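Novice: Please work out how this folds:
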Amino acid sequence: MPSRNTYSYLPLNGSPVRQLDVDNEHDKKDILLAVDLCRIIVRALEISAFRDLQKRINDLPKNRFSEEDLHALFQHLSKLLFSLRGRLSWWAVVGISSSIYDDSRDEHIERVTELTKTLYFWYFVVKKKLPPWRGSTSKGVYNHYADTLGLVFDGFPEDESLGGFHAWMDHGRSLFSQASVHQPLPQPFPLYR
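Specialist: I've put the predicted structure just below:
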């Protein structure tokens, strides 16, 4: 999704907080440092969360989940899938905020795509464990994505196959056209050097 981060100096001596300004040459180095630190921290959190989720999925065959816990896991996976598909769709339709091509950008897109694909199939593993009355009774949810004008109906995955995954991802990209992406988009500070 689009980046809307701001960074501020938080003085320890009681002085007022000052937001960093991308147009100030002195602040640009600090902003880049803050962005890099945020990326490192977020990546560490992603790895930790993925390991925890993987452990929970691996515990499914051992029936260590109550019906409530299983339903909560199913809902969590659904939200993650919509969020990741939304992010990938945004990048496909609008692009990633960068004025300079960077190999790490392609690696990042590939990593998010592979994570989404993994979670897509885990979604079906968890769905099969749910009793029929606890599974999703709806076909999807209405979502309003950042920097779009309209609400769109986001359908849950239905086809447990690689072709189904690709079709579901393609549909996600078409949702951004349906939702009418704001134009022109604000030009954010370049994240890649």
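Novice: Which other helices and strands does the lengthiest helix in the chain contact?
Specialist: Ranked by residue count, the top helix of the chain under DSSP state H comes out as helix 25-58. In this structure, helix 25-58 packs against helix 103-129, with contacts taken as 3 or more C-beta pairs under 8 Å, 6 or more residues apart in numbering; DSSP states H and E. Where C-beta positions appear, they are placed from N, C-alpha and C, glycine not excepted.
Novice: With Trp90 as the reference, measure out to the residue nearest to Leu115 when sequence neighbours are not counted.
Specialist: Closest residue to Leu115 in three dimensions, ignoring its sequence neighbours and counting by C-beta to C-beta, 6 or more residues apart in numbering: Leu84, at 6.5 Å. According to C-beta to C-beta, to the nearest Å, Leu84 stands 11 Å off from Trp90.
Novice: again with Leu12
Specialist: The value you get for Leu12 to Trp90, if C-beta to C-beta is used, is 37 Å.
Novice: With neighbour numbers in mind, choose between these two.
Specialist: Trp90 (21 against 5; other C-beta atoms under 10 Å).
Novice: how many degrees apart are whatever helix or strand the more buried one lives in and helix 25-58 in direction?
Specialist: If you go by DSSP states H and E, Trp90 is part of helix 67-93. Orientation check (axes from the mean of the first three to the mean of the last three C-alpha atoms, to 10 degrees): helix 67-93 against helix 25-58 gives 140 degrees.
Novice: what's the pLDDT at the most centrally placed residue in the chain?
Specialist: By C-alpha atoms, centre = their mean, the chain has its centre lying nearest to Leu84, at 3.6 Å. Model confidence at Leu84, given as pLDDT, is 88.
Novice: which residues touch it?
Specialist: Residues near Leu84 by C-beta atoms under 8 Å, 6 or more residues apart in numbering: 112, 115-116, 119.
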